[in-house]
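[1] here are the coordinates; sequence isn't available:
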């Protein structure tokens, strides 16, 4: 099951199968033989198969949803179904982590052109299963729907628990806090640049392309930063400048980034990409899903070197670099470029 | 805000606006001036605008998700954006009700062709707001995404609370129980027949067409039946025969429907449609979102006439009508007709 290979029986378009036939093959891949209730998921009261799922979630429940659209969020020639699955799980769970939460469950929606192969759906399902097990969570339910020709839309709603802590919002940053990042910066955007360039990558380039296909997020560092006392947190989904500006706006402060820190971060991407491209990837690269947080100095001392200081919170508004205010740039879903 | 009319400023395609511009106009329509935290929604700890929402939900949380796709689940010439919104909310909340739950929140996803008008999105948002307020719940968050040309996919994840009760599953029906329905049967399918026929409907026909455009569900009867002791429950989304078969299969019993009860139900649709069409609509009509439940006789006495007895649970398997086993028929998302 960990290595689903399309055999002839999977080289069939969905339209030849009933919804129940598809689910009968998909569900075991999502949660393994034990189902959502199997193994360590004692929180799952009712798993897939009834009108709704039921989750035992004492206290407050975190809820977030994120969608990926074929041709917008991925290209089939660059990303396998398993890559798409891994990215979809990570971008949802990074939102849970950025509140300081621990994942407790996923709902999965697939709306697909009935002419696509069952094999794609099953490989996608196996990828969702792998990624959710890696994050110690499981699929509680979902929806399967047909869509117009060429369209594939996949969506997850993730739930999480705060385990008694208060959520870490975007609005808690205070002048005097440090700005710190946990996880990589710019690797997904740099990998996309290399894919667009279409050249054979060297080893460093291959690592960046892998980061674009399957970004990772330091999920356990979210609740760790919450416990330590981080004042504001966000995951970097639309680029450092744009996401930092969201904290600045919600908190009524200015986030002043350090040019030397940005250059240091950019060096990790060179020479796979040029210095100029590397700096732009660090500042505006989306889909990175690293965690950006603000925190008093003593909190940073407790968290240690997994969190790299890249700036400080000052009075003012917006985002600046060494004091020079920068316009927010980054990914926007609708606005024409 | 209850009567959004497209003015010139809304006759713009989404591609001319940034995601933040769209959200700035959409969010007030979803939850009114008080926001998700306003008014009676004391359960909402964090509403839209952060990485994730946080819901205060002591005990077990119900989770369900349902998606609608333009051209598959609705046609723009037959259904307004407000109709689509009302149907999407009802079909999700009916799943919560069918577990015996009370809704606590919604996450909303819109994946739309950037060339569609802002006006459609805003009317859809106003419809979501109306429908969720009518059900005493609110929008906690969501996702807005661009999609390929011609594609509009809208999706809701609904949460609910069981208020200390056990969930009513599909698997609890026992031989000797009555089979009862609360809400209409076949009206949505009969309304669709009239739309397909394309004739000007009389008043009775107009009521059926309205039921197709905006089905209603007796949401509060779900938790009421749960408290009284219903043993199994489902909402009728894919047709009476198909959904009854799901209870039969999960419970390991046979649901024997009464031909006279079916004829009585069908009479409510005549003469807007013929006797034969009416019977077929009652048996196989989907998107009705009425509640189908099994319950001991004493539970039915307590619930009263809002629940109409249409059969009984016997030993065996599948669904029968006056003892004659019927193949499950109804809506399937993928299988070619």
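    Received the coordinates, thanks. Owing to the predicted nature of the structure, the values given are computational and were not obtained by experimental measurement. Residues are numbered from 1 along each chain as shown, chains lettered A, B, ... in the order given.
[2] in chain A, where is pLDDT below threshold?
    A:1-8, A:33-41, A:328-337 (pLDDT under 70).
[3] so what's residue A:72 up against?
    A:333, B:145, B:146, B:147, B:148 (Cβ atoms under 8 Å, 6 or more residues apart in numbering or on different chains). Every residue, glycine included, has its C-beta placed from N, CA and C.
[4] cool, and residue A:210?
    With Cβ under 8 Å, 6+ apart, residue A:210 has these contacts: residue A:191.
[5] swap in residue A:121?
    Per Cβ under 8 Å, 6+ apart, neighbours of residue A:121: A:14, A:22, A:26, A:81, A:110, A:112.
[6] in what helix or strand does it lie?
    Element membership of residue A:121, judged by DSSP states H and E, is helix A:118-134.
[7] get me the contact residues on the stretch 151-300 of chain A for chain B.
    For the stretch 151-300 of chain A, the residues in contact with chain B (Cβ under 8 Å from any Cβ of the partner chain) are A:151, A:153, A:155, A:157-160, A:162, A:167, A:169-171, A:233-235, A:250.
[8] give me the nearest residue to the spatially most central residue of chain A, chain neighbours excluded.
    Closest to where the C-alpha atoms of chain A average out (Cα atoms, centre = their mean) is residue A:91, at 1.7 Å. Leaving out its chain neighbours, the residue that sits closest to residue A:91 by Cβ to Cβ, 6 or more residues apart in numbering or on different chains is residue A:66, at 4.9 Å.
[9] right, and the one you found touches residue A:155 too?
    Yes: at 7.2 Å, residue A:66 counts as touching residue A:155 under the criterion of Cβ atoms under 8 Å.
[10] name the residues contacting each of these two.
    With Cβ under 8 Å, 6+ apart, residue A:66 and residue A:155 have common neighbours A:88, B:143.
[11] which of those two has more neighbours?
    residue A:155 (28 against 25; other Cβ atoms under 10 Å in any protein chain shown).
[12] now the helices for the stretch 51-200 of chain A?
    For the stretch 51-200 of chain A, the helices defined by DSSP state H, counting those that start in this stretch cover A:81-98, A:118-134, A:187-197.
[13] on that earlier part again, just the buried ones among the contacts of residue A:72, please.
    Buried by 16 or more other Cβ atoms under 10 Å in any protein chain shown: A:333, B:145, B:146, B:147, B:148, out of the contacts of residue A:72.
[14] the last one touches residue A:111, doesn't it?
    No: taking contacts as Cβ under 8 Å, residue B:148 lies outside contact range of residue A:111: 11.9 Å.
[15] between those two, what contacts are shared?
    With Cβ under 8 Å, 6+ apart, residue B:148 and residue A:111 have common neighbours residue A:151.
[16] sorry, back to before: the helix holding residue A:121 to helix A:81-98, inter-axis angle?
    30 degrees (axes from the mean of the first three to the mean of the last three Cα atoms, to 10 degrees).
[17] domains in chain A, as residue ranges please.
    Chain A breaks down into these domains under automatic domain parsing: A:15-161, A:178-326.
[18] deepest of the ones you listed, which one?
    Comparing the domains of chain A by mean neighbour count (mean count of other Cβ atoms under 10 Å in any protein chain shown), domain A:15-161 ranks first with a mean of 22.
[19] follow-up on the earlier one: format the domains of chain A as CSV; extra columns: distance to residue B:77.
    Below are the domains of chain A laid out as CSV (distance: least, Cβ to Cβ, whole Å):
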stretch, distance to residue B:77
domain A:15-161, 16
domain A:178-326, 36
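[20] closest residue of the stretch 101-250 of chain A to chain B?
    Using Cβ to the nearest Cβ, the single residue of the stretch 101-250 of chain A nearest to chain B is residue A:157, 4.1 Å away.
[21] which strand residues bridge that residue?
    residue A:65, residue A:107 (DSSP bridges).
[22] I'd assumed residue B:65 was in contact with it.
    Yes: contact criterion Cβ under 8 Å: residue A:157 and residue B:65 qualify, at 6.1 Å.
[23] quick check: neighbours shared by those two?
    Shared contacts of residue A:157 and residue B:65 (Cβ under 8 Å, 6+ apart): A:107, A:109, B:157.
[24] dump the residue contacts of the residue nearest to residue A:275 when sequence neighbours are not counted.
    The shortest distance from residue A:275 to any non-neighbouring residue, by Cβ to Cβ, 6+ apart, is to residue A:266 (6.8 Å). Contacts for residue A:266 (Cβ under 8 Å, 6+ apart) come out as A:186, A:275, A:278, A:279, A:281, A:282.
[25] which element is residue A:266 on?
    helix A:259-267.
[26] relative to helix A:187-197, how tilted is the helix or strand just after that helix?
    Next along the chain after helix A:259-267, taking DSSP H and E as the criterion, comes helix A:275-284. With the same axes, to 10 degrees defining the directions, helix A:275-284 sits at 130 degrees from helix A:187-197.
[27] which elements pack onto helix A:275-284?
    When contacts are defined as 3 or more Cβ pairs under 8 Å, 6 or more residues apart in numbering or on different chains; DSSP states H and E, helix A:275-284 sits against helix A:187-197, helix A:240-251, helix A:259-267.
[28] nearest to residue A:60, out of the ones you listed?
    When the helices and strands packed on helix A:275-284 are compared by Cβ to Cβ, helix A:240-251 sits nearest residue A:60, at 19.4 Å.
[29] what comes into contact with that closest one?
    Contacts for helix A:240-251 (Cβ under 8 Å, 6+ apart): A:169-174, A:179, A:181, A:185, A:232, A:234-237, A:253-255, A:257, A:282-286, A:292, A:294, A:313, A:317-319, A:326, A:328-331, B:49-50.
[30] look at stretch A:226-240 and report the distance between its end residues.
    End-to-end distance of stretch A:226-240 (Cα to Cα, to the nearest Å): 20 Å.
[31] cool, stretch A:178-195 as well?
    Using Cα to Cα, the end-to-end distance of stretch A:178-195 comes out at 35 Å.
[32] distance from it to the middle of the chain?
    12 Å (Cα atoms, centre = their mean, to the nearest Å).
[33] where exactly do the strands run in the stretch 1-150 of chain A?
    Secondary structure of the stretch 1-150 of chain A by DSSP state E, counting those that start in this stretch: the strands cover A:44-46, A:53-56, A:60-69, A:102-112, A:139-146.
[34] turn these into JSON lines, columns for distance to residue B:201.
    Listed next are the strands of the stretch 1-150 of chain A as JSON lines, based on distance: least, Cβ to Cβ, whole Å:
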{"stretch": "strand A:44-46", "distance to residue B:201": "41"}
{"stretch": "strand A:53-56", "distance to residue B:201": "39"}
{"stretch": "strand A:60-69", "distance to residue B:201": "37"}
{"stretch": "strand A:102-112", "distance to residue B:201": "31"}
{"stretch": "strand A:139-146", "distance to residue B:201": "28"}
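[35] of all those strands, which one comes closest to residue B:10?
    When these are compared by Cβ to Cβ, strand A:60-69 sits nearest residue B:10, at 23.7 Å.
[36] surely residue A:126 meets residue A:29?
    Yes: contact criterion Cβ under 8 Å: residue A:126 and residue A:29 qualify, at 4.5 Å.
[37] which residues touch residue A:153?
    Counted by Cβ under 8 Å, 6+ apart, residue A:153 has contacts A:67-70, A:109-112, A:147, B:111, B:147, B:151, B:153.
[38] try residue A:205
    Neighbouring residues of residue A:205 by Cβ under 8 Å, 6+ apart: A:191, A:194, A:272.
[39] what strand or helix carries it?
    Assigned by DSSP H and E, residue A:205 falls in helix A:203-213.
[40] how near is the residue nearest to the centre of chain A to residue A:109?
    14 Å (Cβ to Cβ, to the nearest Å).
[41] what's the nearest residue to residue A:220 if we skip its chain neighbours?
    Distance criterion Cβ to Cβ, 6+ apart; nearest residue to residue A:220, sequence neighbours excluded, is residue A:97 at 7.6 Å.
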